[in-house]
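Novice: Make a model of this:
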Amino acid sequence: MAVSGAKEFDVKAVPAEVMLAIAAVDRLPEWSSAHKKVVIESTHPDGRANRVRMTVSIMGITDEQVVDYSWNGDSSMSWTLVESTQQNSQDGAYTLIANGTGTRVKFELSIDPKIPLPGFLVKKAQKAAIETASKGLTQFVDGK
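Specialist: Sure, this is the predicted structure:
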């Protein structure tokens, strides 16, 4: 069962600073408790992550994933799942828009697990990932 969700939240930093935090992919375990290990396998010419291998654990399920990242300056980034032990597909994105107090961040996530799980569990895991993305990223950017 595939599920999709999105959340918008504000960060008190300019988009370039928020994107610096997002681009520090190797530091994901510092602000996302689900990310246990992150290894950047290749980078784009600008030095940002291209292909990343990671170990992610959420709700007692551990997944070995390989994702490819795409970047659009300091305004957006997205990723798509290349390999996974637990998912058929995953797509996500951050879109950043400057506002009067810093940055409005839109986070989108779509997941489709390989193993049959009750819909409420898939939605609960997705909600946990979205909350981590908003709260964890905000705290990481703010240096808290």
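
Novice: Next secondary structure element downstream of the lowest-mean-pLDDT helix or strand in the chain?
Specialist: Ranking every helix and strand in the chain by mean pLDDT, DSSP states H and E puts helix 119-131 at the bottom, with a mean of 69. Next helix or strand after helix 119-131 toward the C-terminus (DSSP states H and E): helix 137-142.

Novice: Mind jotting down where the strands sit in this structure?
Specialist: 3-11, 35-43, 49-58, 61-72, 76-84, 87-99, 102-113 (DSSP state E).

Novice: what angle separates the fourth one from strand 49-58?
Specialist: Put simply, strand 61-72 runs at 150 degrees to strand 49-58, going by axes from the mean of the first three to the mean of the last three Cα atoms, to 10 degrees.

Novice: Report the strands that pair with strand 61-72, each with its relative direction.
Specialist: As defined by DSSP bridges, the strand partners of strand 61-72 come to strand 49-58 (antiparallel), strand 76-84 (antiparallel).

Novice: ranking the ones you listed by burial, who's on top?
Specialist: Mean neighbour count (mean count of other Cβ atoms under 10 Å) peaks for strand 49-58 among these, with a mean of 18. (C-beta placed from N, C-alpha, C; glycine too.)
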